[in-house]
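**Student:** below are the sequence and a predicted model; questions follow.
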Protein chains: 2
Amino acid sequence: MTDLVNVTSRYQELKAQGLNLDMTRGKPSSEQLDLSLPMLDLVGTDNFHSENGVDCRNYGVLDGLPESKKLFAEFLEVAPSEIIIGGNSSLNLMHDTMVNAMLHGVSNQPPWIQQSPKFICPAPGYDRHFNICKHLGIEMIRVENGDTGPDMDEVERLVANDPSIKGIWIVPKYGNPTGAICSTENVKRLAQMKTAAPDFRIFWDNAYTVHHLTDTVPHLENILEACKTAGNPDRVFIFGSTSKITFASAGIAMIGGSEANMDWVRSHLKMQNIGHDKINQLRHIRFFKSMDGIRNHMKKHTAILRPKFDMVLSILEKELGGTGMATWNNPKGGYFINLNTRPNCAKRVVELAAEAGVKLTGAGAAFPHRNDPQDRNIRIAPSLPSLVDLEKATEILAVCIQLADQEN
Amino acid sequence: MTDLVNVTSRYQELKAQGLNLDMTRGKPSSEQLDLSLPMLDLVGTDNFHSENGVDCRNYGVLDGLPESKKLFAEFLEVAPSEIIIGGNSSLNLMHDTMVNAMLHGVSNQPPWIQQSPKFICPAPGYDRHFNICKHLGIEMIRVENGDTGPDMDEVERLVANDPSIKGIWIVPKYGNPTGAICSTENVKRLAQMKTAAPDFRIFWDNAYTVHHLTDTVPHLENILEACKTAGNPDRVFIFGSTSKITFASAGIAMIGGSEANMDWVRSHLKMQNIGHDKINQLRHIRFFKSMDGIRNHMKKHTAILRPKFDMVLSILEKELGGTGMATWNNPKGGYFINLNTRPNCAKRVVELAAEAGVKLTGAGAAFPHRNDPQDRNIRIAPSLPSLVDLEKATEILAVCIQLADQEN
């Protein structure tokens, strides 16, 4: 009871400071965005042609400049013939790919919309993936998302028997929010598994492929190669973008996969657009020059982000370490720390934090229908606030966890 | 017979010149694109915030910066609450709006896909509109597109009786390819007509709203106001872009309509994208400053385009005037000259021109399923070639018309 009194009074003190901090989304900070400012000056009044002489101001080049395809093919680890360059948003490409599969079908099968489609949603996962399924009326099947990717025993069991299961969402590297990296074994199992649906697709959202938080670059098995080896070359759509590399609002998004899948994407894209912004493609190509350019640029992001993650982790350890009130991961990359309270506390923690001026991602957001069955998962997004704000926000978070835990 | 011999030998001479000219699409010329080059320098390393302080490099602002909405609302002749700013392509907005209506329905009615949807396609019209319908399995009903817009008697008759007719495509000003301006009477009839479908929509592609070729700015009745007056405020989606004002590849597109319609657009857009490129919005706002800025800018386009249209018209007159072999219009704006040969000649003309090195838009392209029932319509796109090339290309076109006419 003394503890509860102490925690309550500490919470009231923090609340009285009238803070207004936002940790809801994985947004880059101004300091990170500054890293790409020189890009804005790389296309001017006398250098708007591509390497092969295309006037990038005019219509055309539906699927991306050759130099864009070359660089970002290396980025996605596919061939230049296995990539299409999009607009500013990989979410847009994922959404539109799902819509096209719903309306037109893939692999010469009937449109998904005619097949009562279901999707496997490893959770905790990315809320916007689940939103797309919900919005399109695709039934979501939750499976456990662990330290090496989804529970593959369960995934294999599900897809083997139900032809209406049309795909699975995967954030393979530094998963949102788990931070997990899909193991080589699990990549291979995803590529090889027998699916009752002949038109099954993996939506492989490789959003954090170069977003390391340490100097050690982990191995992620190449999913397209694995699919080809398994005799399922058309099984995967790979997505990526520079939204968290250059500018979140004005980056370049891309989709990769087999040439047959790219033909399918183009057959729909050509109805929708005459060609995405080629001038912005030029800016990116000239800014990075090569894959090494991207890698070097990302080290600057790491230098800004690592201290923020360390700050959060050290406060969590100081406040909650050994109490059993919460567990969390120490991610090696990506944008999130994944925290679990004891059951039935997460919603209350988010509520208490909001009252004390700290906005967190809604409890349950990482689950289909925002339904965390144990009400314990909280996604921490340390990138946007300053170190000073982050220190205060994490202290409040920790105190809210203590309070909610004791109330419970 | 002498005439045929003469024309044939002239055709052979022109063909021997081995030209390679492209008049297939309404693309702006380099000279026109040059007009907007200063725009590239208007967002740099120290001025990337919007008027209300938003960092335009980061995520967010789903439906456009307030200053973008203000300017382009005036451009579309709607209120700032009646517009959403898109990416680089109005075609993309039209396509996605059609897809959303197919999947989700409008006006709280069932999804169009469940209602065997049909669309009225005034023809000659824009091929990419018809492609969208065909691709989505929407049945196209052709009606005559005349000097004041579609045959409204026929349109009214059709929509009054068939609830599966879900909409109509209109390019209201300087129509593609007719050059026609929808008359005030026809705008009002479109707004007022009784439709059997409660979820009928006008897709109002105002692509050429400020694209005048003369100093006289014609009146186009405000469709949204007309719909509101008629008690059908949600009947119209209005589309526009700066693709033929600034850069075809890197312009700004927009959709307008009632607030209820904009809420509907947002409800789907938020699943697809976190926000379009705000930096490019800033470039445009700073370049134009105001609607007068846009109008003044367009005068520079007119100065470049008018001589090209005059060149084509004078050669057509010289070669074909009074022969009865062809009729054509003298457009007051837009990007095309609409030409009709005598029946059963257009395909042959396009074929002959291609053999002589002049690529024209495919015969029939302006009709649903590319089927021109009289095989006589040819769309001439004078904007891209230089004056010198245009002179030669039009001469070849005229000779091909003479040849095809005499062969026929």
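**Tutor:** Ah, there it is.

**Student:** contacts, neighbours, all on C-alpha from now
**Tutor:** OK.

**Student:** the residue of the stretch 301-408 of chain A found nearest chain B: what's it in contact with?
**Tutor:** Scanning the stretch 301-408 of chain A for the residue nearest chain B gives A:L384, at 10.4 Å (criterion: C-alpha to the nearest C-alpha). In this structure, A:L384 makes contact with A:D22, A:M23, A:G26, A:K27, A:P28, A:S29, A:S30, judged by C-alpha atoms under 8 Å, 6 or more residues apart in numbering or on different chains.

**Student:** got a quick PyMOL command for the buried subset of those?
**Tutor:** Buried residues within the contacts of A:L384, by 16 or more other C-alpha atoms under 10 Å in any protein chain shown, are selected in PyMOL with:
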select buried, chain A and resi 22+23+26+27+28+29
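
**Student:** make CSV from the contacts of A:L384 and add secondary structure and distance to chain B to it.
**Tutor:** Converted to CSV, the contacts of A:L384 look like this (DSSP: H, G, I helix; E, B strand; the rest coil; distance: C-alpha to the nearest C-alpha, whole Å):
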residue, secondary structure, distance to chain B
A:D22, strand, 14
A:M23, strand, 14
A:G26, coil, 9
A:K27, coil, 7
A:P28, coil, 7
A:S29, coil, 8
A:S30, helix, 8
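
**Student:** any idea how far the longest strand belonging to chain A is from the middle of the chain?
**Tutor:** For chain A, the strand reaching the highest residue count under DSSP state E is reported as strand A:139-146. Using C-alpha atoms, centre = their mean, to the nearest Å, the distance from the centre of strand A:139-146 to the centre of the chain it belongs to is 16 Å.

**Student:** can you check stretch A:128-136 too?
**Tutor:** 14 Å.

**Student:** now do stretch A:385-396
**Tutor:** The chain centre lies 23 Å from the centre of stretch A:385-396; the measure is C-alpha atoms, centre = their mean.

**Student:** the longest strand of chain A: which residues count as buried?
**Tutor:** Of the residues in strand A:139-146, those scored as buried under the neighbour-count criterion (16+ other C-alpha under 10 Å) are A:E139, A:M140, A:I141, A:R142, A:V143, A:E144, A:N145, A:G146.

**Student:** now do stretch A:49-57
**Tutor:** For stretch A:49-57, the buried set under the neighbour-count rule, 16+ other C-alpha under 10 Å, comprises A:S50, A:D55, A:C56, A:R57.

**Student:** does chain B sit close to that stretch?
**Tutor:** Yes. In this structure, stretch A:49-57 sits against chain B according to C-alpha under 8 Å from any C-alpha of the partner chain; the contacting residues are A:C56, A:R57.

**Student:** then stretch A:93-102?
**Tutor:** Yes. Stretch A:93-102 reaches chain B (C-alpha under 8 Å from any C-alpha) through A:H95, A:D96.

**Student:** residues in contact with that stretch?
**Tutor:** Contacts of stretch A:93-102 from elsewhere in the structure, counted by C-alpha under 8 Å, 6+ apart, are A:86, A:111-114, A:132, A:136, A:203, A:239, A:253-255, A:265, A:268, B:271-272.

**Student:** mind picking the two most distant members of these?
**Tutor:** The largest separation in the contacts of stretch A:93-102, counting by C-alpha to C-alpha, is between A:Q114 and A:A253 at 29.4 Å.

**Student:** more neighbours: which of the two?
**Tutor:** Of the pair A:Q114 and A:A253, A:A253 is the one with more neighbours under other C-alpha atoms under 10 Å in any protein chain shown, namely 23 against 12.

**Student:** contacting residues for that one?
**Tutor:** Taking C-alpha under 8 Å, 6+ apart as the criterion, A:A253 is in contact with A:I85, A:G86, A:G87, A:N88, A:S89, A:S90, A:L93, A:F239, A:G240, A:S241, A:T242, A:S243.

**Student:** at 6 Å instead, please
**Tutor:** Applying C-alpha atoms under 6 Å, 6 or more residues apart in numbering or on different chains, one finds that A:A253 lies in contact with A:G86, A:G87, A:N88, A:S89, A:S90, A:G240, A:S241.

**Student:** near the closest residue to A:P111 other than its chain neighbours, how many other residues are there?
**Tutor:** Using C-alpha to C-alpha, 6 or more residues apart in numbering or on different chains and skipping residues adjacent in sequence, the residue nearest A:P111 is A:G105, 3.6 Å away. Summarising burial for A:G105: neighbours were counted as other C-alpha under 10 Å, giving 19.

**Student:** the one 4 residues further on too?
**Tutor:** Neighbouring residues of A:Q109 were enumerated by other C-alpha under 10 Å; the total is 13.

**Student:** tell me the secondary structure for it?
**Tutor:** A:Q109 falls in the coil class when you classify it by DSSP: H, G, I helix; E, B strand; the rest coil.

**Student:** for it, give me the pLDDT.
**Tutor:** As summarised for this prediction, A:Q109 has a pLDDT of 98.

**Student:** where does chain A come near chain B, residue by residue?
**Tutor:** If contacts are counted using C-alpha under 6 Å from any C-alpha of the partner chain, the residues of chain A sitting beside chain B are A:37, A:40, A:44-45, A:57-59, A:91-92, A:95, A:132, A:247-250, A:271-273, A:277.

**Student:** give the rounded mean pLDDT of stretch A:340-350.
**Tutor:** Per-region confidence: stretch A:340-350 scores 98 on mean pLDDT.

**Student:** go on, stretch A:10-20?
**Tutor:** The model assigns stretch A:10-20 a mean pLDDT of 94.

**Student:** got it, and stretch A:392-408?
**Tutor:** If you average the pLDDT over stretch A:392-408, you get 96.

**Student:** which parts of that stretch are buried?
**Tutor:** If you call a residue buried by 16+ other C-alpha under 10 Å, then stretch A:392-408 has these buried ones: A:392-405.

**Student:** just these: which are in helices?
**Tutor:** Members of the buried residues of stretch A:392-408 lying in helices (criterion: DSSP state H): A:392-405.

**Student:** list the buried ones in the helix or strand harbouring A:S314?
**Tutor:** Taking DSSP states H and E as the criterion, A:S314 maps to helix A:291-320. Along helix A:291-320, these residues count as buried under the neighbour rule (16+ other C-alpha under 10 Å): A:291, A:294-295, A:297-299, A:301-302, A:304-306, A:308-309, A:311-313, A:315-317, A:319-320.

**Student:** ditto for stretch A:223-237
**Tutor:** Going by neighbour count (16+ other C-alpha under 10 Å), the buried part of stretch A:223-237 is A:223-228, A:230, A:232-237.

**Student:** much appreciated, bye for now.
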